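In: Any chance you can model this:
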Amino acid sequence: MIFKPCAVVPSRNHAAALPGILQRLREAGLPVFLIDDASDVPARDTIAALAAPRRGIIVHRFETNQGKGGAVIKGFELADAAGFTHAIQVDADGQHDLRALPSLLSLGAAHPDALVLGAPVYDDTMPLARKLGRWITHVWVAIETLSPRIIDTMCGFRIYPLAPVMALLAEERIGRRMDFDIDIAVRLIWRGVPLSTLPVRVTYPPGNTSNFDALRDNWRISRMHARLVLEGLGRLLGIRRRPAGEEANHWSGLAERGAYWGLRVLAAAYRLTGRYGCMAAMLPVALYFHVTGREQRRASRLFLERAYAALGDTHGPRWSDGLRHSLGFAQRTVDTFIGWVGGVDRNSIEVVDQAEIDRVIAGGRGVMLIVSHLGNVELSRASLDDAARARITLLVHTRHAENYARLLRRFRPEAAIDTFQVTEVNPGTVIALKEVVERGGWVAIAGDRTPVGGGERVSRAKFLGHEAAFPQGPYILAHLLECPVYLMFCLRENGRHRLYFERFAERVVLPRGDKEAALAALAGRYASRLEAYCLRDPFQWYNFFDFWAEAGAR
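Out: Now for the predicted structure:
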């Protein structure tokens, strides 16, 4: 990676030390972006007089105070637009010993992909309240980053690699005031940006004035840590909050993300305290998911309204029903995980038509399974014996699910199944899956999610009284594979799970004359069966997106 650094210096009424700071930065060959964050007179005039574009000192002034974070972010934007690859942040109050600057630059050049943080070495001038505040922040950052290493995220002497920083700023909201330094460092660490540190002496000069508001900024930092802890827990256990401004045009934009350490946390909770302890570990994540997932809450309410109407219930869902829906998803997650780690007694799952499954296995024929996001078909797969599980190849539309399966193989290799990444079905896909079927394998594909590419290859069918888009892919693939097609559902009923294995078609044959009508009829049949199972318990429907949206608008 190229290392082309500049300096960003935010200032709010700090001007006395600036001439010496700028001289040091220029002697090190660094162009400087000096950001005046609405300083008052006389600091405003002093800062303005320091502008010297020909000597590499650019001054940008805000007329309204933006906060330290807002000022530094503006410096990032100016540096990125000017073609610099790295930004060195230096505070304007003279606390940092800039004799460490050559060492900081050397470390940045040696590790150009890393966030380089100054590790402050304080003298006796540091106020006791600041020492206590920093110690508390160190503890919270250790929790948020799951690192026993003491990371000082409050020191404003550091090097940022601009590429990951600009990507982060485009996708997430970072604190704009004194919470900025901590917030951005933790989020960059979450994104896998490497970390390097360099000791630097820090002093509190006599007469130094601070812009830190003890009441407001401590409140901001406390809120930020609470948010980071909740988000960190959500990342661990596989729930992602969509960044502000990101459009969820399709279900794939809302996909879950698995994390190896999240599985470890669940495993530890389960082994120490059993299923109820595991559920307790998931509870704050479920609450976070419910509170922050505005689009998911809206989709949940729409689905429940239509399910209630189909059941003849006129009062409609209450707010508590939405929470119950989210908690049901958490319960499903726990049950799935326990199944994968071998904690589910196979006798606790009742197979409604075991004779049909036995007949298919004994016949050695390959089949297609159409599954859905209703209930917990994952649990049925996790509970199959090794021979039956080895038959299954799961078609996944996103890398998220493929990565999740890969992590499960690391965590419990004997429980994993094969996944087949497929964004669209092409001749190579068909040939590979044809070989799976001819070996007696079972090809599983979701029947309730439209293609990742959008509105192509869908049929409209009535579902809970309203038309929805259903994918044509399962029926086109079944036609090409020339094999029997079965539906599989697994619902929690009366404290145990029931697995339904239902024949859908001995073979799917699409006529040459009117394929669209034949595909629409198949989609309609599937929608009817999906609806029938949904109405057994609507709270086991886990498609948290607008299922009835026009395909082109998703």
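
In: list the contacts for Leu304?
Out: Gly316, Pro317, Asp321, Gly322, His325, Pro538 (Cβ atoms under 8 Å, 6 or more residues apart in numbering). C-beta coordinates here come from the backbone N, C-alpha and C atoms, glycine included.

In: neighbour-wise, which of those residues leads?
Out: His325 (24 neighbours; other Cβ atoms under 10 Å).

In: is it true that Tyr486 touches Phe504?
Out: Yes - between Tyr486 and Phe504 there is a contact under Cβ atoms under 8 Å: 5.9 Å.

In: which residues are common contacts for the two?
Out: The contact sets of Tyr486 and Phe504 overlap at Ile370 (Cβ under 8 Å, 6+ apart).

In: Let me know the secondary structure of the closest residue to Leu464 other than its chain neighbours.
Out: Nearest residue to Leu464, sequence neighbours excluded (Cβ to Cβ, 6 or more residues apart in numbering): Arg306, at 4.1 Å. Arg306 falls in the helix class when you classify it by DSSP: H, G, I helix; E, B strand; the rest coil.

In: Arg306: neighbouring residues, count only.
Out: Neighbour tally, Arg306, other Cβ under 10 Å: 22.

In: circling back to that earlier point, switch the contacts of Leu304 over to a markdown table; also include distance to Gly70, secondary structure and pLDDT.
Out: As requested, the contacts of Leu304 are exported to a markdown table (distance: Cβ to Cβ, whole Å; DSSP: H, G, I helix; E, B strand; the rest coil; pLDDT from 0 to 100):
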| residue | distance to Gly70 | secondary structure | pLDDT |
| --- | --- | --- | --- |
| Gly316 | 44 | coil | 84 |
| Pro317 | 41 | coil | 90 |
| Asp321 | 41 | helix | 93 |
| Gly322 | 36 | helix | 91 |
| His325 | 38 | helix | 92 |
| Pro538 | 46 | helix | 95 |
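
In: Just give me the closest of those to Leu169.
Out: Gly322 (32.2 Å; Cβ to Cβ).

In: ok, now which ones touch the closest one?
Out: His290, Arg297, Ser300, Arg301, Leu304.

In: Okay, now the unreliable bits of the protein?
Out: 123-134, 146-150, 205-214, 233-268, 341-343, 346, 380-389, 396-426, 451-456, 550-554 (pLDDT under 70).

In: By residue count, what's the longest helix in it?
Out: helix 260-292 (DSSP state H).

In: Name the pair among the contacts of Leu304 with the greatest separation in space.
Out: Of all pairs in those, the most separated under Cβ to Cβ is Gly316 and His325 at 13.6 Å.

In: any idea how far Gln354 is from Ala362?
Out: Here Gln354 is placed at a distance of 12 Å from Ala362 (Cβ to Cβ, to the nearest Å).

In: Same drill for the two, tell me which one is more crowded.
Out: Legend: neighbour count by other Cβ under 10 Å for Gln354 and Ala362, higher for Gln354 (11 against 8).

In: how long is stretch 501-510 from one end to the other?
Out: Using Cα to Cα, to the nearest Å, one end of stretch 501-510 lies 24 Å from the other.

In: change the start of the numbering to 17 and stick with it
Out: Right, with 17 as the first residue, what we last looked at is stretch 517-526.

In: Could you list the buried residues of it?
Out: Using 16 or more other Cβ atoms under 10 Å as the test for burial, stretch 517-526 gives Phe517, Phe520, Ala521, Val524, Leu526.

In: Mind checking which of the residues you listed are in strands?
Out: Using DSSP state E, the subset of the buried residues of stretch 517-526 located in strands is Phe517, Phe520, Ala521.

In: With distance to Ile461 added, can I get the residues you listed in CSV?
Out: Shown next, in CSV, are those (distance: Cβ to Cβ, whole Å):
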residue, distance to Ile461
Phe517, 16
Phe520, 12
Ala521, 14
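
In: Identify, from those residues, the entry nearest to Ile73.
Out: Looking across these and measuring by Cβ to Cβ, the closest to Ile73 is Phe520, at 72.1 Å.

In: Do I have it right that that closest one meets Arg541?
Out: Yes - in this structure, Phe520 is within contact of Arg541 by Cβ under 8 Å, at 7.5 Å.

In: Overlap in contacts, the two.
Out: Both Phe520 and Arg541 lack any common contact, where contact means Cβ under 8 Å, 6+ apart.
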